[in-house]
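Q: show me the folded form of this:
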Amino acid sequence: MVGAYPGAAAPGNRMIGDPMSEVGADEPSQRASAGRSRWLVPAAILLVMALLIAVVLWMGRGGEDGDTAAPATDEQVEQEDVAEHPSEVAQPDLSHEEARDPDDLLAEGPVDAPVVLVVFTDFQCPYCARWSHETLPELREYVDRGELRIEWRDVNIYGDDSERAARAALAAAKQGGLEEYHDMLFDGGEIRTGAELSEDSLISLAEELGLDAEQFATDMRSEEVEETISANAQQGVELGAMSTPSFLVGGTPVAGAQPSEVFTDMIDEELAEAEG
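A: Have a look, this model is predicted:
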């Protein structure tokens, strides 16, 4: 057939995949649809933009009408600061640690005194020595008036010499010499050397104070004294009083050799509360 070539389409037929042949008889309508599509896209974009503007304007009016949270007043800020940053932290009440035991030989003052001072100490602690020299005499005035009871608890954190001195103090207390012996161990607000806390030196000190040296030595080595000293030290460990001196004033913890006024003020407050 003249003019024909392999693969050519017959008249009136369409070849699949031929762009031109895809239009066929519907070409006018498809062109019209394409024209409408070109106008629909910009219109849709404008509609979306209008909606976004409406949302922004609505949110702005909402803030003006009070829908959003109002700024906090000065009073509210102050209340929040008080809640988050308390000016004082409540101290624990450890008055249950007071023995008030009439058979406690390591105590000064009446068992029913309005205020009890528990002292966690060590005979090799220099701060304990200074506190005993500077503050203890003033507190003993309360003891003499029957207003204060002092309970001594040796924690012996410095080792064997401290424990030996604690047993010696209890041995002296068995003969009524607690105060004098205690003060001699901290004579002049100073601690004794390890050699001065040997057993022989401690017995010699008891002799100087007029105590029965033989009975003193027996008591210092006794199992009863050892058990008492161990129990007192354990009390300090359980309370965390491993830094000496530490105190309980009417059940309130006090750490360190604070000035005398700290103790007298606390004791006076406790006495005022006891009087009602």
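Q: where's the closest residue to Arg192 other than its chain neighbours relative to Ala99, distance?
A: Nearest residue to Arg192 in three dimensions, chain neighbours excluded: Leu185, at 6.3 Å (CB to CB, 6 or more residues apart in numbering). (Glycine included, C-beta is placed from N, CA and C.) From Leu185 across to Ala99, the span is 22 Å (CB to CB, to the nearest Å).
Q: cool, Leu178 as well?
A: With distances taken as CB to CB, Leu178 is found 15 Å from Ala99.
Q: now swap in Glu208 and tell me
A: 30 Å.
Q: more neighbours, these two?
A: Just comparing Glu208 and Ala99: by other CB atoms under 10 Å the higher neighbour count belongs to Ala99, 17 against 11.
Q: nearest residue to the more buried one other than its sequence neighbours?
A: Glu151 (5.7 Å).
Q: which SSE is that neighbour in?
A: strand 148-154 (DSSP states H and E).
Q: what helices and strands are in contact with the helix or strand following that strand?
A: Beyond strand 148-154 in the direction of the C-terminus, DSSP H and E gives the next helix or strand as helix 160-173. Helices and strands touching helix 160-173, by 3 or more CB pairs under 8 Å, 6 or more residues apart in numbering; DSSP states H and E, are strand 148-154, helix 178-185, helix 199-208, helix 213-220, helix 223-239.
Q: could I get those as TSV with mean pLDDT and distance to Glu141?
A: As requested, these are exported to TSV (pLDDT from 0 to 100; distance: least, CB to CB, whole Å):
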stretch	mean pLDDT	distance to Glu141
strand 148-154	98	9
helix 178-185	98	13
helix 199-208	98	26
helix 213-220	98	29
helix 223-239	97	25
